[in-house]
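*Asks:* predicted structure and sequence below. I'll ask about it afterward.
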Amino acid sequence: MTRARSPLLAVLALTALGAALRFPTLDRQSFWLDELVTVSLLDRGLGDVLHEIPRTEATPFVYYVVAWLWGSVFGLGEVGIRSLSALAGTATIPVAYGAGAVLASRRAGLVAAGLVAVNPFLVWYAQEARSYALLSLFAAATVLAFGLALRGDARWLACWAAFAALAIATHYFALFLVGAEAVWLLVRLRASRPVVLAMLVPSAVVLAHVPLVLAQRGNGEAVSGSSLVSRIAGIPKNLVVGYSFPAEALGSALAALLLLVGIVLVARAGPRERLGAIAAGSVALAMVVAPVLLALVGVDFLIARNTIGAVVPAAVCVGAGYATGRLGLAAATALCVVSAAVALAPAIDTTYGRTDWRGAAAALRTTEGDRAIVVTPYMSRTLWRPYLSGLREPDPNGARVEEIAAVGLATEGGYSAGRVEPPSVSAPRPLEGFRVVAVERKPTYTLVLYRAARPTLVPMATLAGLALTDEQPGVLVQGP
C-alpha cells in the first residue's frame, strides 16, 4: 500500500507545484496583442465567434468554443480567461507522469512530471489566453494513450483516436505528433484492423478541416517575420527554458548541459525503458522536424509556440535517462531548479514579460479634452478596448485636439534575448502650437505628452510623425 501511495503523493505534490507557478500570477502581466485578439473575438455570440475564426485566426475551433464557454462563466479578464490555460497546463503534469510511467517506468514518469511542472515554456503558455496550453494537454494525452495502445489494448486505441482528433482540432501542428504516433502503432501492432480503424478518426478530422485550412492559409504569415535560421535555432532553447530571463546565456548553457546528461543516460536504461524513451523522443522530434522541413521548402508557419506539444514526449524521453541512477536524478533536480527560477522571472521583473498595454492605458485613462494617441506598435481601438475604451478613429485629414500622447511600448514581449526596453526620447519632436508637458520612460513604455492652449487641427501626417519609433503607428482619438 505504501509503495502504491508513494508515486500518487509525489504526483500530487508536483501538480500542486505546477499550479503554484501558474495560477497566482495570472494577472501579473498585461494581455499582449494575440490575447487581445482572443478577448475581442470571444466578446460576442458563439455564432459570431465561429463565423470570424476562418477570417481572423490560424487555428481550428476547439479552443475558441471551450474558451467562449469558460469566459461566459469566469469572465474575459486576465484571470478569468487565462485560468482556462492555467488549468490545462496544470492538468498536463499528471498526464505526463502517466505517459512516462507507461512508456518507461514510474520513476521516469515522476521525473517527466517534475520537468513539465516547472518548464518555463509551458508555464508561459499556461498564462496566456491562446490555444497552446490546451494543445499541450491533448498532445500529452495522445502520448499516454499511445503508450497504453502499444500494449495491444483496443480500448486505448479508441482513446488515442479521440485525443488525437481533439489535438488536431485544437491546433494543426498536432498532426505531426499524431502522425508519428500512428506510424509507431502501425509498425508495432502490424497494421491490425483495430489500428487501421483508429487511424480513421484523426484522418476524418484532418479532411473535415481542409476547407478551414484553405480559408485561413494567409492568417499565419506573421510568424515568418524573423529569419528562418534564427527561428529554427531558437526552438530547442525555447522549448527547454522559454524566452528571455536574467543571465540568459549562462542559464541556457547550463540547461543544455543538464539536458544532454539525460539524453546520454538513455543508453543506460533497461531495454523496455530505452524503447519507450526512443518512442517518446521520436514523436517529440517529429513535431519539430516536420514543420522545419516544410518551412525549408516554402510552407513556413514555423515558430516555437506551435511545437509546444513536443515538450511532454521529450520530457518522457529524457526522464527515462534521468531515472537510471543518482547522477541522472541529480541532473534532473538541477534542471528543475533552473527551470523554476526562469519560469518565475517574468512575474518578478516585467521587463521580461509581455507587451504592457495595460500599463500604457493606465497612463492615458483620463483626459479633460480631446486627445490624439499616437502609439507604436500599431493597436486598433477594438483590440485596446479591454484597457482603454471610448476611442475613435480620427478624420482622414487629421484631428482637432488639445492634447497629443505619443506612446511607444517595449514590444518584444520576452521573445528576444535580454530584457525588453521601451524607446528612449532624448529630445521630443517640437510641434507648433503645442508644448511638451510630460516625458515619462517607464520600464515597459515611454510617453510624451503634448498640450495646446486651445483645440487645434493637426494633420494626420504630422500626428504620425510624432511616433516614438520607426514603426507605422496607430492614431486614435480619445474623448473626455
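*Replies:* Now that the structure is in, tell me what you want to look at. Numbers count the residues shown, from 1 in each chain.
*Asks:* worst-scoring helix or strand of the chain, pLDDT-wise?
*Replies:* helix 2-22 (a mean of 88; mean pLDDT, DSSP states H and E).
*Asks:* show me what that one is packed up against.
*Replies:* Other helices and strands packing on helix 2-22, by 3 or more C-beta pairs under 8 Å, 6 or more residues apart in numbering; DSSP states H and E, are helix 78-103, helix 106-118, helix 120-125, helix 326-348. C-beta: built from backbone N, CA, C; applies to glycine.
*Asks:* so which of those helices is nearest residue 181?
*Replies:* The closest of the helices and strands packed on helix 2-22 to residue 181 is helix 78-103. By C-beta to C-beta, the value is 11.3 Å.
*Asks:* averaged pLDDT, the closest one. What do you get?
*Replies:* For helix 78-103, mean pLDDT is 98.
*Asks:* and for stretch 56-68?
*Replies:* Per-residue pLDDT over stretch 56-68 has a mean of 96.
*Asks:* pull the CA atoms of that stretch into CSV?
*Replies:* C-alpha atoms of stretch 56-68 as CSV (Å, rounded to 0.1, in the frame of the first residue of the first chain):
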residue,chain,number,x,y,z
THR,A,56,-9.0,36.2,-38.4
GLU,A,57,-7.4,33.1,-36.8
ALA,A,58,-4.9,30.5,-37.9
THR,A,59,-6.1,27.6,-35.7
PRO,A,60,-9.2,25.4,-35.6
PHE,A,61,-12.3,25.8,-33.5
VAL,A,62,-11.9,23.7,-30.3
TYR,A,63,-10.1,26.2,-28.1
TYR,A,64,-12.4,29.1,-29.0
VAL,A,65,-15.5,27.1,-28.3
VAL,A,66,-14.2,26.0,-24.9
ALA,A,67,-12.8,29.5,-24.1
TRP,A,68,-16.1,31.1,-25.1
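*Asks:* so residue 15 touches residue 89, yeah?
*Replies:* No - contact criterion C-beta atoms under 8 Å: residue 15 and residue 89 do not qualify, at 10.6 Å.
*Asks:* tell me which of those two has more neighbours.
*Replies:* Neighbour tally, residue 15 and residue 89, criterion other C-beta atoms under 10 Å: the higher count belongs to residue 89, 29 against 20.
*Asks:* quick check: residue 420 vs residue 353, distance?
*Replies:* 8 Å (C-beta to C-beta, to the nearest Å).
*Asks:* following the least confident helix or strand of the chain in sequence, what is the next regular element?
*Replies:* Remark: after helix 2-22, the chain's next helix or strand is helix 33-42, criterion DSSP states H and E.
*Asks:* could you tell me the angle between that following helix and helix 78-103?
*Replies:* 110 degrees (axes from the mean of the first three to the mean of the last three C-alpha atoms, to 10 degrees).
*Asks:* show me what the helix or strand following helix 33-42 is in contact with.
*Replies:* Per DSSP H and E, the first helix or strand lying C-terminal to helix 33-42 is helix 46-56. The contact list for helix 46-56 (C-beta atoms under 8 Å, 6 or more residues apart in numbering) reads 37, 41-42, 44, 60-61, 64-65, 68, 212, 215-216, 219.
*Asks:* can you rerun that using 10 Å?
*Replies:* 37, 40-45, 57, 59-61, 63-65, 67-69, 72, 211-216, 219 (C-beta atoms under 10 Å, 6 or more residues apart in numbering).
*Asks:* downstream of that helix, the next helix or strand is which one?
*Replies:* Next element after helix 46-56 (DSSP H and E): helix 62-74.
*Asks:* residue nearest the middle of this structure, spatially speaking?
*Replies:* For the chain, the residue nearest the mean C-alpha position is residue 125 (3.8 Å; C-alpha atoms, centre = their mean).
*Asks:* contacting residues for the spatially closest residue to it that is not a sequence neighbour?
*Replies:* In space, and not counting its chain neighbours, residue 125 is closest to residue 132: 4.0 Å by C-beta to C-beta, 6 or more residues apart in numbering. Going by C-beta under 10 Å, 6+ apart, residue 132 touches 59, 63, 85, 88-89, 121-122, 124-126, 170-171, 173, 305-309.
*Asks:* do you know how far the closest residue to residue 110 other than its chain neighbours is from residue 16?
*Replies:* Once flanking residues are discounted, residue 110 sits nearest to residue 10: 5.4 Å by C-beta to C-beta, 6+ apart. From residue 10 over to residue 16 the distance is 11 Å, taken as C-beta to C-beta.
*Asks:* for the stretch 351-480 of the chain, which segments are assigned as strands?
*Replies:* In the stretch 351-480 of the chain, the segments counted as strands under DSSP state E, counting those that start in this stretch are 371-376, 391-392, 398-409, 434-441, 445-459, 474-478.
*Asks:* in JSON lines: those, plus mean pLDDT and distance to residue 192.
*Replies:* What follows is those, written out as JSON lines (pLDDT from 0 to 100; distance: least, C-beta to C-beta, whole Å):
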{"stretch": "strand 371-376", "mean pLDDT": "96", "distance to residue 192": "59"}
{"stretch": "strand 391-392", "mean pLDDT": "94", "distance to residue 192": "61"}
{"stretch": "strand 398-409", "mean pLDDT": "96", "distance to residue 192": "56"}
{"stretch": "strand 434-441", "mean pLDDT": "95", "distance to residue 192": "66"}
{"stretch": "strand 445-459", "mean pLDDT": "96", "distance to residue 192": "60"}
{"stretch": "strand 474-478", "mean pLDDT": "96", "distance to residue 192": "58"}
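*Asks:* figure out which of those strands is closest to residue 297.
*Replies:* Proximity to residue 297 (C-beta to C-beta) singles out strand 371-376 among the strands of the stretch 351-480 of the chain, at 34.8 Å.
*Asks:* so in that sheet, which strands flank the closest one, and in what orientation?
*Replies:* Taking DSSP bridges as the criterion, strand 371-376 forms sheet pairs with strand 398-409 (parallel), strand 474-478 (antiparallel).
*Asks:* let me know which of those strands is tucked in deepest.
*Replies:* strand 398-409 (a mean of 23; mean count of other C-beta atoms under 10 Å).
*Asks:* noted, bye for now.
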